[in-house]
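Visitor: Here is the input, now give the coordinates:
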Amino acid sequence: MKRSLSALMDTEYDLVIVGGGIFGICAAWDAVLRGLSVALVERGDFCGGTSANSYKMVHGGIRYIQHADIVRVRESCRERSALLRVAPHLVQPLSIVIPTYGHGKNGKALLAAGFWTYDLFTLDRNRLIHDPARRISRGRLLGRSEALDLFPGLEPKGLTGAVLFCDGQMYNPTRLAISFLRSAVAAGVQVANYVEAIDFLCSKARVVGIEARDRITGEQLPIRGKVVLNAAGPWAESLLEKRLGLRLERKGVYSRDACFVVPRRFDHHYALAIQGRTRDPDAVLSRAARHLFVVPWRDYSLIGVWHIVHDEGPDNFTVTERDLQAFIEEINWAYPDLELGLDDVLMWNAGLVPFGENEPGSTNLSYGKRSIIIDHGQQHQIEGLITLIGIRYTMARGDAAKAIDLVAKKLGHQAPRPATDRIPIHGGQIEHFEEFVRKTREQNPFPLPGPITLALLHNYGSEYKRVLRYGEENPSWREVIGNSTVIQAEVIHAVREEMALKLADVVFRRTDLATGQHPGQQALKTCAQLMAMELNWTTERLQEEVKAVERVFPLFGRANHFDFSREMSVIPQ
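Guide: Here you go, the predicted model:
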């Protein structure tokens, strides 16, 4: 992945993609495999917005059973299966327990019937998944004592047992997006981060490219394309309105989906789904309330998700201390045994996703249903422009393929859809992950501690040797950074091979350094100094990069945030 702005300006592409989240990246991967020339630009870092802040779950569509929406059930299950096939190092099954109480809507019989119906409609869910450990198992019933053994804090009064079902979980959403992107780049896509589309290039009633600005240097550059795909997520509509004066037939409504990370987890691998205080008004047959989830992820628990309609622009949202306190109160009400406080929150994640239509002030909110694909030739009589606003990370591959179907039609391109649902992405050339881990540990040229090796194999899969070779170039780069599972070679690899330009790119998106919590000031210092040597940063630039990372973390619940009064400078090579 080499950032070449001159190459972007010197070519007329079949397709120019605006937006480097998971939907834009999957669109680039699909398009290049059809034989199209493709350029992709992202105003920030790749997978730096909503895609990075997902709940890390790969949803197979079980909740759409209560909407009687079998099409969405099938689509979601298909996409979950695809990710389990193409990224075995980054996607795995997740077992979830739903307690049942009494009879009727909250009872075991009705819930079990829903899961059995789901199993019937998804009989092909494990097709071509050869690793038994990566297969999605059928739902089953748990007795009352089994449920309490797993989760002793459940309210015992009226508890009849639980239903256990299986869904999917991402080890690292940003590494999954980067793996798709590296596959696209290897196939010929030209990409650049920190390049913002500031206008559309037009000829009469046709879009013929974009005017972009390099946010690093300020340089402006025209990028020409026969078709432009606007995949800028929550920024897509404002880009259309400000630059072309276009408004969608229905203005998008967005939800600020939020969750948070706490430094403890149950002593097993099961997630817990418990009822919160709101319900789903769109469900044909619904339980008394929507579910909140307490999900094991690495050494943490992820808790969420809370949906709040966001009426302002995409650059103006956050999760406040007051918001978090309200979330904590609700989860403690739903499962008092957690006894969470504000100091337990290590990080929060939030992103904007399309939502349903709701009356102002509604408590029980309607979710978004499907991704939005707009042909502006039909809707606005402006050819050469398509907009894709994705609904959910899980659906990115399949919905991107639908958008590229439309691109191909406009170009008169006859190539069939590529099999992106079964072509392994970068690092995914693995048949059985646990066997792969075992063999790698036996063959490792310079053995690393078990947790560090496992993290390396999860993040880079079959391409892990590309990281280790930097340890051969410089033995000190084999050293672990702070108390993390990240070795210094990963920082060098991120800069030289994955277009990491800022400290935040490495800390939050290329490595595991701060995916769960603050890595410690010494770890940040080590990482920043490695990047400074690679990118020729001044001491002032290094300090600014560290400050920018620090601003992401909550100030409560963390005793080791960086002390800016301490001297920090570039270490000479």
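Visitor: Would you mind splitting the protein into its domains for me?
Guide: 5-50+174-251+370-411, 56-170+253-354, 433-550 (automatic domain parsing).
Visitor: what residues are up against the residue lying closest to Leu346 once chain neighbours are set aside?
Guide: Among residues not flanking Leu346 along the chain, Gln517 sits closest, at 3.9 Å (Cβ to Cβ, 6 or more residues apart in numbering). In this view, the C-beta of every residue, glycine as well, is placed from N, C-alpha and C. By Cβ atoms under 8 Å, 6 or more residues apart in numbering, the residues touching Gln517 are 261, 263, 300, 346-347, 558.
Visitor: now Phe23, nearest residue through space, not along the chain?
Guide: Here the nearest residue to Phe23 in space, its sequence neighbours aside, is Gly390; by Cβ to Cβ, 6+ apart that works out to 3.8 Å.
Visitor: Please name the residues that touch that neighbour.
Guide: Going by Cβ under 8 Å, 6+ apart, Gly390 touches 21-23, 231, 233, 353-354, 371, 396, 399.
Visitor: Any quick PyMOL command for the buried ones out of the contacts of Gln517?
Guide: Buried residues within the contacts of Gln517, by 16 or more other Cβ atoms under 10 Å, are selected in PyMOL with:
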select buried, resi 261+300+346+347
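Visitor: Of the contacts of Gln517, which pair is most distant in space?
Guide: Tyr300 and Arg558 (14.2 Å; Cβ to Cβ).
Visitor: What is the nearest of the contacts of Gly390 to Thr320?
Guide: Nearest to Thr320 among the contacts of Gly390, counting by Cβ to Cβ, is Val353 at 19.4 Å.
Visitor: I'd like the mean pLDDT over stretch 20-37, please.
Guide: Stretch 20-37 carries an average pLDDT of 98.
Visitor: gap between Glu431 and Thr420?
Guide: Distance of Glu431 to Thr420, given as Cβ to Cβ, to the nearest Å: 19 Å.
Visitor: Do I have it right that Ile223 meets Ala212?
Guide: Yes. Shown here, Ile223 and Ala212 form a contact pair, counting by Cβ atoms under 8 Å, at 5.6 Å.
Visitor: if I pick Gly384, what's in contact with it?
Guide: Applying Cβ under 8 Å, 6+ apart, the residues near Gly384 are 206-208, 225-228, 377, 410.
Visitor: would TSV of the residues you listed with neighbour count be doable?
Guide: Output for these, formatted as TSV (neighbours: other Cβ atoms under 10 Å):
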residue	neighbour count
Arg206	15
Val207	24
Val208	20
Gly225	24
Lys226	21
Val227	26
Val228	27
Gly377	17
Lys410	18
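Visitor: Save those as TSV, and put in distance to Pro99, pLDDT and secondary structure too.
Guide: Converted to TSV, the contacts of Gly384 look like this (distance: Cβ to Cβ, whole Å; pLDDT from 0 to 100; DSSP: H, G, I helix; E, B strand; the rest coil):
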residue	distance to Pro99	pLDDT	secondary structure
Arg206	57	96	strand
Val207	52	96	strand
Val208	57	97	strand
Gly225	52	98	strand
Lys226	55	98	strand
Val227	50	98	strand
Val228	49	98	strand
Gly377	51	94	helix
Lys410	51	96	helix
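Visitor: tell me which of the residues you listed is nearest to Thr117?
Guide: Thr117 lies nearest to Lys410 out of these, by Cβ to Cβ, at 39.5 Å.
Visitor: Name the residues linked to the nearest residue to the closest one once chain neighbours are set aside by a beta bridge.
Guide: Using Cβ to Cβ, 6+ apart and skipping residues adjacent in sequence, the residue nearest Lys410 is Val227, 5.6 Å away. Beta-bridge partners recorded for Val227 (DSSP bridges): Leu15.
Visitor: Regarding Ala532, what is its secondary structure?
Guide: Per DSSP: H, G, I helix; E, B strand; the rest coil, the secondary structure class of Ala532 is helix.
Visitor: Leaving out chain neighbours, which residue sits closest to Val41?
Guide: In this structure, Val41 finds its nearest non-sequential neighbour in Val195, 4.1 Å apart by Cβ to Cβ, 6+ apart.
Visitor: what sits against the one you found?
Guide: By Cβ under 8 Å, 6+ apart, the contact set of Val195 is 5, 8, 41-43, 212-215, 221.
Visitor: Recalculate using a threshold of 6 Å.
Guide: Taking Cβ atoms under 6 Å, 6 or more residues apart in numbering, we find Val195 in contact with 41, 212, 214.
Visitor: going on from the helix or strand containing the first one, what's the next piece of helix or strand?
Guide: I take that to be Val41. Using DSSP states H and E, Val41 falls within strand 38-42. Sequence-wise, the next helix or strand downstream of strand 38-42 (DSSP H and E) is strand 57-58.
Visitor: Now the element after that next one, going C-ward?
Guide: Under the assignment DSSP H and E, the closest C-terminal helix or strand after strand 57-58 is helix 70-86.
Visitor: in what helix or strand does Leu201 lie?
Guide: strand 195-203.
Visitor: and that strand with strand 38-42, angle?
Guide: In terms of direction (axes from the mean of the first three to the mean of the last three Cα atoms, to 10 degrees), strand 195-203 departs from strand 38-42 by 130 degrees.
Visitor: now stretch 509-529, how far from the chain's geometric center?
Guide: How far stretch 509-529 lies from its chain's middle: 19 Å, per Cα atoms, centre = their mean, to the nearest Å.
Visitor: actually stretch 332-346, not the one I typed
Guide: Counting by Cα atoms, centre = their mean, stretch 332-346 is centred 25 Å from the centre of its parent chain.
Visitor: Can you give the strand pairings for the helix or strand hosting Val305, parallel or anti for each?
Guide: Secondary structure from DSSP H and E places Val305 in strand 300-310. Counting by DSSP bridges, the strands paired with strand 300-310 are strand 254-262 (antiparallel), strand 291-297 (antiparallel).
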